[in-house]
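> I need the structure of the sequence given here:
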Amino acid sequence: MAPYKPPRSKLGALLWRKRIWFETTFGASVLEPWEKTLFYTVLALVSTLFWAWVYKYLPHQLMSMALRARYYVSGEQ
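Have a look, this model is predicted:
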């Protein structure tokens, strides 16, 4: 049995194609199982930190940038 045989259901086939695309694009298909685990763990950690930054710090950063831009354009605070 081939390790990369697509599933029979449409949803399963779609998810399988996305998984294969992701693994081949980022080179995860040539990694050993422990390397894949490490790769996906680091990817999940970085992704979690990024989305936490987007949720927590980005709104304040955008407000600060808007106030600064308004000051530079109009000269008023």
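
> tally of neighbours for P6?
Neighbours of P6 under the rule other Cβ atoms under 10 Å: 13. Any C-beta I mention is one placed from the backbone N, CA and C, and that applies to glycine too.

> Please tell me how far it sits from F22.
15 Å (Cβ to Cβ, to the nearest Å).

> tally of neighbours for K36?
K36: 14 neighbours (other Cβ under 10 Å).

> element containing E23, please.
For E23, the element it lies in under DSSP states H and E is helix 10-25.

> Need the residue closest to the centroid of the protein.
Nearest residue to the geometric centre of the chain (Cα atoms, centre = their mean): S47, 5.2 Å.

> For the protein, which segments count as helices?
Secondary structure of the chain (DSSP state H): helices located at 10-25, 33-56, 58-74.

> Reformat those helices into JSON lines and put mean pLDDT next to each item.
Compiled in JSON lines, the helices of the chain are given as follows (pLDDT from 0 to 100):
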{"stretch": "helix 10-25", "mean pLDDT": "91"}
{"stretch": "helix 33-56", "mean pLDDT": "95"}
{"stretch": "helix 58-74", "mean pLDDT": "93"}
